[in-house]
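**Q** Have a look at this prediction, sequence included:
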Amino acid sequence: MPFKRSSLLWLAGAAVISAVAAQTACGTGLPIGQASLSLELGEQTATKSTGKNPTRSPVNITMFFPQKGVDPDLPWVMMMNGANCYGQDYTYLLSQLAGRGYLAVAPTQLHPAPPKQQGKDWFKDQADQCDKDSFAIVTASLVNDVHSLLSSLSGAPQHLPTPQISPKAVDAMKSVNTDSIVLVSHSAGAVTAVDMLAGKCNDKGMAEQLCANYTPIMDRQGRNALKGAIAFEGYADSGIKIPDGMFLTYMAGQYNDQTQKKYEATKGKCIQYVELAAGNHYAITDWNPDTAPHQKAPCGAQNPHDDPNFETTKEDQEERLNFIAEYTDAMVRATVLGDKAAASFLLNDVADSHLVRTAKVSSSCLVAVQDDPAQHSAEHSVSKS
């Protein structure tokens, strides 16, 4: 269901350079590579194997990047998975972002399986290959640990804590801008992402558990390195405020009736809402042929808000994922880089897309249009319902 509410030790891993090229709106994107790592938890990691929400060690991490090198002007992307969704469930989306110049990180963070809560069985819809002794959910503290890893990539090769990453992969990733982070998030991961933006990780209860030992990451100017988040069918408490300098887009499939209400109750200069014309709770994950024509991540739970008879095709699912990647890229470029073409796409093209049922895009935070009175408005200047 939609959820409401340094030195590192590494095990053996592998890095491969892929011949796959991610598709972009312009045709063929940049050829991408992948690096797979296993993070061994210890005293020097923010993520712990003991405590209120212990993580099973190691944590498997896959990084997607353009072969010719990460664009140093772009933030790096952390995927905040939905509950019981694994990193590989977001391969298509993150490959699309890598093809646009980003370094995109997909973790699989497992915890000891919780007991049934009020008769709820988190594992009844899982495929046979899923780990039913573990519960997958990403804590905010893992962002700290990935940030530490990426910060080490710009150091001298002999000092890298990750010797299993090939020199070619390190060379492609070392230009990453560690001072700039964007969260792409799904369901439970979106709850955590919104809490991180809103500064609610110290709150008691669910926020404290999902954030774990997270500490805000600051850039060289002392500002929060988080630039924003895409939150797909996941939301925190009503009435939160997102600080200036950060964007938040609430995104939902066709069946969710709560996301827009959370959008309307969220305060901030750069809050957006996009509802897809088609797609269910798993419109953000890879096409799953094992549940086709229905769509669900292999280890995720069936969403009670979704139509159990919903059907889609691989082509339609990947078209939605292409749109999510294009939208994410445009939001980053418009808000972080002041890109006029990206701002124009957000203000003029999103609402006209056949993939979108409702779009509410704020122009007040788009640097590229702030000097244009015809486009600038403190209110939401683009709305399609």
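**A** Ah, there it is. Residues are numbered from 1 along each chain as shown.

**Q** that's a helix at Val332, yeah?
**A** Yes: looking at Val332 with DSSP: H, G, I helix; E, B strand; the rest coil, it is inside a helix.

**Q** where does it sit relative to Gln272, distance-wise?
**A** 13 Å (CB to CB, to the nearest Å). Just so you know, the C-beta spots here come from the backbone N, C-alpha and C atoms, and that holds for glycine as well.

**Q** residue contacts, Asn224?
**A** 216-218, 243, 245-246 (CB atoms under 8 Å, 6 or more residues apart in numbering).

**Q** now that we have the residues you listed, which one has the most neighbours?
**A** Met246 (21 neighbours; other CB atoms under 10 Å).

**Q** Touching, that residue and Ile271? I think so.
**A** No: taking contacts as CB atoms under 8 Å, Met246 lies outside contact range of Ile271: 9.7 Å.

**Q** Let me see the ranges of the helices in this structure.
**A** 91-98, 141-152, 167-173, 188-198, 206-211, 259-265, 314-336, 340-344 (DSSP state H).

**Q** Select from those helices the stretch with the lowest mean pLDDT.
**A** Note on the helices of the chain: helix 206-211 shows the lowest mean pLDDT, a mean of 74.

**Q** before we move on, the earlier item: closest one to Phe310 out of the contacts of Asn224, please.
**A** Using CB to CB, Met246 comes nearest to Phe310 of the contacts of Asn224, at 32.8 Å.

**Q** on that earlier part again, just say which of the helices of the chain is most tucked in.
**A** helix 188-198 (a mean of 28; mean count of other CB atoms under 10 Å).

**Q** Provide a list of residues in contact with Gly199.
**A** Counting by CB under 8 Å, 6+ apart, Gly199 has contacts 216, 243.

**Q** what's the nearest residue to the residue most central in space within the chain if we skip its chain neighbours?
**A** By CA atoms, centre = their mean, the chain has its centre lying nearest to Val184, at 1.7 Å. Spatial nearest neighbour of Val184, excluding adjacent residues (CB to CB, 6 or more residues apart in numbering): Ile230 at 4.9 Å.

**Q** To Asp307, which of the helices of the chain lies closest?
**A** Closest to Asp307 of those is helix 314-336 (CB to CB; 15.1 Å).

**Q** Now do that closest one against helix 91-98: the angle between them, please.
**A** 40 degrees (axes from the mean of the first three to the mean of the last three CA atoms, to 10 degrees).

**Q** For helix 314-336, name the packing helices and strands.
**A** Judged by 3 or more CB pairs under 8 Å, 6 or more residues apart in numbering; DSSP states H and E, the packing partners of helix 314-336 are strand 75-80, helix 91-98, strand 177-186, strand 226-232, strand 247-252, strand 271-276, helix 340-344.
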